[in-house]
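# coords below, sequence missing:
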DNA sequence: CAGCTTGGCTAGCGGTGCTAGAATTCGGGT
DNA sequence: ACCCGAATTCTAGCACCGCTAGCCAAGCTG
């Protein structure tokens, strides 16, 4: 019994090691550097060990993504609750979202651009995902007017996401970022 | 002289064959299917021939992307010029943009998601890119108010791009698409 | 028609995600 | 204390990727 639980604990620790190592490697050298060979070397096990924990590389990325959503949800929540009124809350959340994407680009890409096999806009979505989206819902709620609340939150989110991905991939001039963010927030503050 | 020109013409034709084959293959089976081996087989030449025309696979994708921007620019222009007033023009261009992304997802991804080595928001950008962005500029011009025109066009574009990528990657519920598009256009019509 | 130049091809390099089967470790029974 | 069986890890390899060196043949030039 005790041996069994110890083994399970060690397995769980190793699984966490895989996920955090994958995230750190991606954040420091980009997802291209996260190969199964490289990841195996970093955790000091052989490749097949990864497959005893995860179905494949995509499943490892999915685990990293869930971690990322938990972090993002916390940061958005902090920004929202610290703001004195709904309009400033919207601006604060928008800025926090942009800062997150800028500070952790590899993580952001895994969360929002790479194909990752996770349920998103469904009841089966992981709690961390729902928490992050919940923050967006709450921040637009006081400003919704006649608009459908989920659709409005999704649209605001899309605006932020578009700004960040297009800028980060070189499609938008960096120097106008603040101007664009202000325009977006202004259009959703009315 | 004549032999020289015939050879150049044949070379140019083969280059076009490579680009259109790459595009068709991507549109029918996705970019994952566009490998240099597969593409070489489709055009009925050996792999190294591709490298006598393009520096690498990325350069082939870049050529496809330029084609895509020309198509998109034409469609956006048609939508804009057919509309009777600025507000309806904005809605028409937004709908045309969304339709393009839905109808040609692989092409859209190459244009806006994949990393391609092309100058975008600079004077050196290919004319087709400038034409497409120019349509967005013109359609928001009458509605700009005090906002900076390029920044406003970029922000509207970001909204459309975010809507399409997040929906197509399964992050947004498909059934609310029209609602979200209406909200976005509404927020930029005022 | 011979020689040379141009151009496409075969074959191969180092890398990828993933897996079958050998080898090793380790707990449990005698 | 020892050895056996089961669980787990590792070695080695598959099929594929983008890309390239070097051979070989076709075709123009004198």
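Nice, thanks for sending it over. Here the structure is a predicted model, which means the values were calculated and not measured.
# only C-alpha atoms for contact and neighbour calcs from this point on.
Noted.
# right, and the helix or strand after the biggest helix by length in chain A?
Criterion DSSP state H: the longest helix present in chain A is helix A:2-29. Downstream of helix A:2-29, the first helix or strand assigned by DSSP states H and E is helix A:36-43.
# For the helix or strand following that following helix, which helices and strands make contact with it?
Per DSSP H and E, helix A:36-43 leads on to helix A:47-53 as the next helix or strand towards the C-terminus. Packing partners of helix A:47-53 (3 or more C-alpha pairs under 8 Å, 6 or more residues apart in numbering or on different chains; DSSP states H and E): helix A:36-43.
# Give me the residues contacting the helix it packs on.
A:17, A:18, A:21, A:22, A:25, A:46, A:47, A:49, A:50, A:57 (C-alpha atoms under 8 Å, 6 or more residues apart in numbering or on different chains).
# ok, these vs residue B:6, which is closest?
residue A:57 (49.5 Å; C-alpha to C-alpha).
# mind listing what's buried in the helix or strand of chain A with the lowest mean pLDDT?
Least confident helix or strand of chain A, by mean pLDDT, DSSP states H and E, is helix A:2-29 with a mean of 90. For helix A:2-29, a neighbour-count test (16 or more other C-alpha atoms under 10 Å in any protein chain shown) marks A:14, A:15, A:18, A:19, A:20, A:21, A:22, A:23, A:24, A:25, A:26, A:27 as buried.
# Any figure for the gap between the residue nearest to the fourth one when sequence neighbours are not counted and DNA strand D?
So that's residue A:19. Once flanking residues are discounted, residue A:19 sits nearest to residue A:64: 5.8 Å by C-alpha to C-alpha, 6 or more residues apart in numbering or on different chains. From residue A:64 over to DNA strand D the distance is 21 Å, taken as C-alpha to the nearest atom of the strand, to the nearest Å.
# and residue A:64, how many neighbours does it have?
Applying other C-alpha atoms under 10 Å in any protein chain shown, we find 23 other residues in the vicinity of residue A:64.
# and whichever strand or helix holds it with helix A:36-43, angle?
In this assignment (DSSP H and E), residue A:64 forms part of helix A:57-82. Here helix A:57-82 runs at an angle of 60 degrees relative to helix A:36-43 (axes from the mean of the first three to the mean of the last three C-alpha atoms, to 10 degrees).
# buried set for helix A:57-82?
So for helix A:57-82, counting by 16+ other C-alpha under 10 Å, buried means A:59-70, A:72-73, A:75-77, A:79-80.
# Please parse chain A into its domains.
Per the record, chain A has its domains at A:1-54, A:62-189, by automatic domain parsing.
# ranking the ones you listed by burial, who's on top?
Mean neighbour counts were compared across those using mean count of other C-alpha atoms under 10 Å in any protein chain shown; the top stretch is domain A:62-189, at a mean of 19.
# what about it and DNA strand C, any contact?
No. Counting by C-alpha under 7 Å from any atom of the strand, DNA strand C is not contacted by domain A:62-189; separation bottoms out at 11.7 Å.
# measure that domain end to end?
End-to-end span of domain A:62-189 (C-alpha to C-alpha, to the nearest Å): 34 Å.
# And stretch A:141-151, by the same measure?
11 Å.
# ok, and what's touching it?
A:86, A:87, A:137, A:140, A:152, A:188, A:189, A:190, B:176, B:179, B:180, B:183.
# Just those residues: which are in helices?
Per DSSP H, the subset of those in helices is A:86, A:87, A:137, A:140, A:152, A:188, B:179, B:180, B:183.
# Give me the pLDDT for the fifth one.
As predicted, residue A:152 sits at a pLDDT of 98.
# give the contact list for it.
With C-alpha under 8 Å, 6+ apart, residue A:152 has these contacts: A:140, A:144, B:180, B:183.
# before we move on, the earlier item: from the ones in helices among the contacts of stretch A:141-151, pick the one nearest DNA strand D.
residue B:180 (35.9 Å; C-alpha to the nearest atom of the strand).
# Look at that closest one and report its pLDDT.
98.
# Residue A:171 too?
96.
# What separation do you get for the residue lying closest to it once chain neighbours are set aside and DNA strand C?
Nearest residue to residue A:171, sequence neighbours excluded (C-alpha to C-alpha, 6+ apart): residue B:120, at 5.2 Å. Computed with C-alpha to the nearest atom of the strand, the distance linking residue B:120 and DNA strand C is 29 Å.
# Please apply the same query to residue A:21.
From residue A:21 to DNA strand C the distance is 14 Å (C-alpha to the nearest atom of the strand).
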